[in-house]
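Trainee: A structural model of the following input is requested.
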Amino acid sequence: MRELNLDQLRTLVTIAELGSFAAAARALHLAAPTISLHVAELESRLGATLLLRQRQRVAPTGVGQTLVERARRLLVDVDATLEAVARQVEGSAGRVRLGASTGALAWLLPPALETMAREHPGIDVQVAVLTSHEALSRVREGTLDIGLVALPQAAVKGLQIVPWRRDPVMAFMPRAWAMPRTITPACLAARPLILNDASTRLHRLTTEWFAAAGEQPQPRIELNYNDAIKSLVAAGYGAALLPREAGAAALDARIVASPLTPRLWRALGLAYRAGPPEPATLYMLEALAAIRQR
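Mentor: The predicted structure is shown next:
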């Protein structure tokens, strides 16, 4: 049996509610022959009589009543679905899926999330903690709308990757250490180090920073959780090279953060699918652009 037609079901329900083919035609703004055709096609497909044509009123048969009751619920669901989609298309409702690192989620995203909650309360922002590689893969697959990724990144077909902000990488050291105000690769390489693990872009940045000065220090430990690294620095376990994000919490009193010479920056970008974004994604991109830092 072929699939049922929603227009035909709506016609059947309207006839059952109004008790007349003519009244249904007026209510649905359809010609009388169209109304009759809808019913005839339904009865043909189901192989059953659905309506009893009485002199004063048209009433559903037993089979017809079963179909009317189920069709009524189906049409309510269809109307609700179309309304929800319409709200999403116009941007008053919807969902945007965002991927970011733990550090970005903790210190960089809250202002943008606050903007979304205030200006677009009907949009649900779903955040996943992901590496740059994972975020790019999921944006490409379509399971993520926006990814915050470390730069630079190779071009990916079908994606736009645009610069978003950059933050200075600084030396985070135990305050008890006697260190100069400006930190060079040579003076830091001689100390115990706590670095990000090899899966991160920051690991590559810091390794290249040391290598440019002819240094190849061996870290005491490698982690991928900046707050844990800072806790170890505060405990005197070693020094770390980490980005200093605007808005980050005040440092533990046992830590001092000093600039590097030569300077080092951690750059972040926004990755999203090429082409006009859906309204929810566009609003999130605008909220992120408002806190962009160059």
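Trainee: residues making contact with stretch 172-183?
Mentor: Contact partners of stretch 172-183, identified using CB atoms under 8 Å, 6 or more residues apart in numbering, comprise 171, 187, 191, 229-230, 233-236, 239-242, 251, 253-261. Every residue, glycine included, has its C-beta placed from N, CA and C.
Trainee: repeat that for 10 Å
Mentor: 170-171, 187-188, 191-192, 194, 226, 229-230, 232-242, 244, 251-261 (CB atoms under 10 Å, 6 or more residues apart in numbering).
Trainee: got the buried residues for it?
Mentor: Buried residues in stretch 172-183, counted by 16 or more other CB atoms under 10 Å: 172, 173, 174, 179, 183.
Trainee: and what of stretch 232-248?
Mentor: Buried-residue list, stretch 232-248, by 16+ other CB under 10 Å: 232, 233, 234, 237, 238, 239, 240, 241, 242, 243, 245, 248.
Trainee: wouldn't residue 131 be in contact with residue 199 here?
Mentor: Yes. Using CB atoms under 10 Å as the test, residue 131 is close enough to residue 199 to be in contact (6.5 Å).
Trainee: May I see the buried residues of the host helix or strand of residue 26?
Mentor: Using DSSP states H and E, residue 26 sits in helix 21-28. The neighbour-count check on helix 21-28 (16+ other CB under 10 Å) flags 21, 24, 25, 27, 28 as buried.
Trainee: The second one against residue 31, yeah?
Mentor: Spelled out, that is residue 24. No. The pair residue 24 and residue 31 fails to qualify as a contact (CB under 10 Å) at a distance of 11.3 Å.
Trainee: pLDDT wise, what is residue 102 at?
Mentor: Residue 102 is assigned a predicted lDDT (pLDDT) of 79.
Trainee: how many neighbours does it have?
Mentor: Residue 102 sits with 14 neighbouring residues when counted by other CB atoms under 10 Å.
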